[in-house]
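J.: Build me a model:
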Amino acid sequence: MPIKVITGVTGDQAFPPCFLRQVRVGGAANLAGTVQIKRGSTVLETLPIGATPGTKREYVDTKFDGNTGLLNINPSNAGDTVVAIFG
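T.: Predicted coordinates:
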């Protein structure tokens, strides 16, 4: 499965059309900020401040595309690490 590690950035990180399986907190520290998982500009879920490494949100091959809205993952703190796993 393809994996994308997001770290060192803030704001929307846009992805091409994809099938998302999971978003999890990476790294060795709890989140210092929030992480929003979005379909286009619509927030689907938020990983809260203080979420521990390994905290995850599962998606059963959820499709993100031009018709349904593209995936955006938005970390609010550049020191946080998020791992996105695709199907």
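J.: show me the contacts for residue 66.
T.: residue 17 (Cβ atoms under 8 Å, 6 or more residues apart in numbering). C-beta coordinates here come from the backbone N, C-alpha and C atoms, glycine included.
J.: start at 12 instead
T.: Got it, the first residue is 12 from now on, which makes the last one we talked about residue 77.
J.: all strands in the protein, in order from the N-terminus.
T.: Counting by DSSP state E, the chain has these strands, from start to end: 14-18, 24-25, 29-36, 46-50, 53-58, 67-75, 82-86, 92-97.
J.: Which other helices and strands does the longest one contact?
T.: Put plainly, it is strand 67-75. strand 29-36 (3 or more Cβ pairs under 8 Å, 6 or more residues apart in numbering; DSSP states H and E).
J.: Mean neighbour count, the strands of the chain: which tops it?
T.: strand 82-86 (a mean of 23; mean count of other Cβ atoms under 10 Å).
J.: Other residues contacting the lowest-mean-pLDDT helix or strand in the chain?
T.: For the chain, using mean pLDDT, DSSP states H and E, the weakest element among its helices and strands is strand 67-75, scoring a mean of 94. For strand 67-75, the surrounding residues in contact (Cβ under 8 Å, 6+ apart) are 26, 28-36, 48, 50, 56, 58, 81-82, 98.
J.: try 10 Å
T.: Under the criterion Cβ atoms under 10 Å, 6 or more residues apart in numbering, residues 26-36, 46, 48-51, 55-58, 62, 79-83, 94-98 lie in contact with strand 67-75.
J.: Give me the pLDDT for the residue located most distally from the centre of the chain.
T.: Within the chain, residue 78 marks the point farthest from the mean C-alpha position, 19.8 Å out by Cα atoms, centre = their mean. On pLDDT, residue 78 comes in at 93.
J.: hang on, the earlier thing: partners of the least confident helix or strand of the chain in the sheet?
T.: strand 29-36 (antiparallel) (DSSP bridges).
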